[in-house]
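Trainee: Turn this into a model:
(chains A and B)
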Amino acid sequence: NAGVTQTPKFQVLKTGQSMTLQCAQDMNHNSMYWYRQDPGMGLRLIYYSASEGTTDKGEVPNGYNVSRLNKREFSLRLESAAPSQTSVYFCASSVGWGQSSGANVLTFGAGSRLTVL
Amino acid sequence: AQSVTQLGSHVSVSEGALVLLRCNYSSSVPPYLFWYVQYPNQGLQLLLKYTTGATLVKGINGFEAEFKKSETSFHLTKPSAHMSDAAEYFCAVSSPNSGNTPLVFGKGTRLSVIA
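Mentor: Residues are numbered from 1 along each chain as shown, chains lettered A, B, ... in the order given. Below is the predicted model of the structure:
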């Protein structure tokens, strides 16, 4: 029962470098999300994908891009990393959008800790 | 716009004592409310949720929360703290039609349990 798998778990970058965080889920969920977690800030939504083929900005999208590669995979890309992007990144998924889907539970990955020097 | 406020970024209790973690929400429509828990170096997992119906909801590990519309609150309680309850707890809110409003999290409350 893998659930949501994120890679890599740890990464150190230099300012200006690029990288992609990978996320895959095996629960046949329609919706996927990327959050970042910073001390004292809780979880903030970066981007989400309500269903395959769609993506939307969340609360803090600047400096990031996403790709919903297929139903299973949702990647987050940092084109030119900045120290302000040092954070722990969480991917999550849920059953889907639609009536009463606000009650859907999010399943989270274990997180990817990114440090930008 | 929906939001949640968690009162107290850090709560410390003795083992066996009552746990009370406070959450107040702001929503223009009847909300769905959640508590998630994050153990060290792990992702978040659901403790409990309120959607409709009974306002007192029970979750895993002996936790429960009560939805109080008049107080716009959804406080989390546990009668007797255990060492294994030490973790960070997040309150979250969404609306019935989450196509417009994905889940919004509070800033979290870190619970320490003292032996």
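Trainee: tell me the pLDDT at residue A:1?
Mentor: At residue A:1, the pLDDT value in this model is 66.
Trainee: What separation do you get for the residue nearest the centre of chain A and residue A:112?
Mentor: Nearest residue to the geometric centre of chain A (Cα atoms, centre = their mean): residue A:34, 2.3 Å. To residue A:112, residue A:34 is 10 Å away according to Cβ to Cβ, to the nearest Å. The way it works is simple: take the backbone N, C-alpha and C, and place the C-beta from them, glycine included.
Trainee: who touches both of these two?
Mentor: The contact sets of residue A:34 and residue A:112 overlap at A:21, A:89-91 (Cβ atoms under 8 Å, 6 or more residues apart in numbering or on different chains).
Trainee: Any buried residues in the helix or strand containing residue A:6, and which?
Mentor: Here residue A:6, judged by DSSP states H and E, is contained in strand A:4-7. Along strand A:4-7, these residues count as buried under the neighbour rule (16 or more other Cβ atoms under 10 Å in any protein chain shown): A:4, A:6.
Trainee: now check that strand, is it near chain B?
Mentor: Yes. Judged by Cβ under 8 Å from any Cβ of the partner chain, strand A:4-7 and chain B are in contact via residue A:4.
Trainee: What pairs with the following helix or strand past that strand, parallel or antiparallel?
Mentor: Using DSSP H and E, the helix or strand that follows strand A:4-7 in sequence is strand A:10-13. Strand A:10-13 has these partner strands in its sheet, going by DSSP bridges: strand A:112-116 (parallel).
Trainee: Quick check: the gap between residue A:110 and residue B:82.
Mentor: In this view, residue A:110 and residue B:82 are 23 Å apart by Cβ to Cβ.
Trainee: and if you look at residue B:42?
Mentor: Computed with Cβ to Cβ, the distance linking residue B:42 and residue B:82 is 17 Å.
Trainee: name the element the residue nearest to the spatial centre of chain B belongs to?
Mentor: In chain B, the centroid-proximal residue (Cα atoms, centre = their mean) is residue B:35; its distance is 3.3 Å. Using DSSP H and E, residue B:35 falls within strand B:32-38.
Trainee: Next: residue A:74.
Mentor: Residue A:74 belongs to strand A:74-78 when assigned by DSSP H and E.
Trainee: List the buried residues in the helix or strand just after the strand holding residue B:35.
Mentor: Heading C-terminal from strand B:32-38, the first helix or strand you meet, by DSSP H and E, is strand B:44-50. By neighbour count on 16+ other Cβ under 10 Å, the buried set for strand B:44-50 is B:44, B:46-50.
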